[in-house]
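In: Sequence and predicted model, in that order:
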Amino acid sequence: MRKLVTAAFVSLDGVMQAPGAPEEDPTGGFSLGGWTVNYWDEPMGEFMGGIFSDPFALLLGRKTYEIFTAHWPFVGQDDPIGKVFNAATKYVATTSEEQLTWENTVALRGDVAGEIARLKQEDGPDLLTQGSSGLLQTLLAHDLIDELRLLTFPLILGPGKRLFADGAKPQALKLTTTSVSTTGVIMSVYERAGKTGSFAMQEPSQAEIARRERIKREG
């Protein structure tokens, strides 16, 4: 088996849309693209280097694939990230029949969640997502993510595509590492740790029972 690792840039209010540039993803009228640019420093570079240091296969949504394929094949062999991205196998979730031209790319069509679950059962390098906010909603809804590597930026963006939407399944996570960049970016790694808990009494009081009934009536 192999893990599915989600690495993502998120704002303090959970937005992950267009972190690199305004033209990256302006859908929905989003005009704040490029919001990560002013925060980069050496510790962030080291954290990102750690994400790409072990063998991986990329798992991408179609829109992120299109962003990547218009950029990484053209950066040259001297670019370290471009080198590993170009060499890695790319699995792309898509409903389009259009040919995927980036080398080492495999299309996932139809039952994408089922296809990814099957990939996880195979031998091979871990599956690593980048961007792909739409695909992430499918992964979260089907409880397919094993590890989250998040860079949380100290800014609020308001509207925009978010990492966690309404379809995410509740689960507990374990914080395994965390550090802070010189610019205030929190870099954290979370692993699965079971289900959520509750502080409620095993046998609720009559007052608590009455309160719950009142909430049900009020909707």
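Out: The structure has been received and is ready for your questions.
In: Just give the nearest non-adjacent residue to residue 180, would you?
Out: For residue 180, ignoring the flanking residues on the chain, the nearest one in space by CB to CB, 6 or more residues apart in numbering is residue 186 at 5.6 Å. In short, each C-beta sits where N, CA and C put it, glycine included.
In: can you map out the helices along this structure?
Out: Shown for the chain, the helices assigned by DSSP state H span residues 42-51, 62-69, 80-87, 112-121, 133-141, 206-218.
In: show me what contacts the residue nearest to residue 180?
Out: 150-152, 178-180 (CB atoms under 8 Å, 6 or more residues apart in numbering).
In: nearest to residue 26, of these?
Out: residue 151 (21.8 Å; CB to CB).
In: What distance do you get for that closest one to residue 137?
Out: Relative to residue 137, residue 151 is positioned 20 Å away (CB to CB, to the nearest Å).
In: Over to residue 43?
Out: Residue 43 is 30 Å from residue 137, by CB to CB.
In: which one of these two has more residues nearby?
Out: The neighbour comparison of residue 43 against residue 137 (other CB atoms under 10 Å) goes to residue 137, with 19 against 15.
In: you'd agree the more buried one is up against residue 161?
Out: No: taking contacts as CB atoms under 8 Å, residue 137 lies outside contact range of residue 161: 9.4 Å.
In: Would you list the buried entries among the contacts of residue 186?
Out: Neighbour-count burial (16 or more other CB atoms under 10 Å) is assigned, among these, to 150-152.
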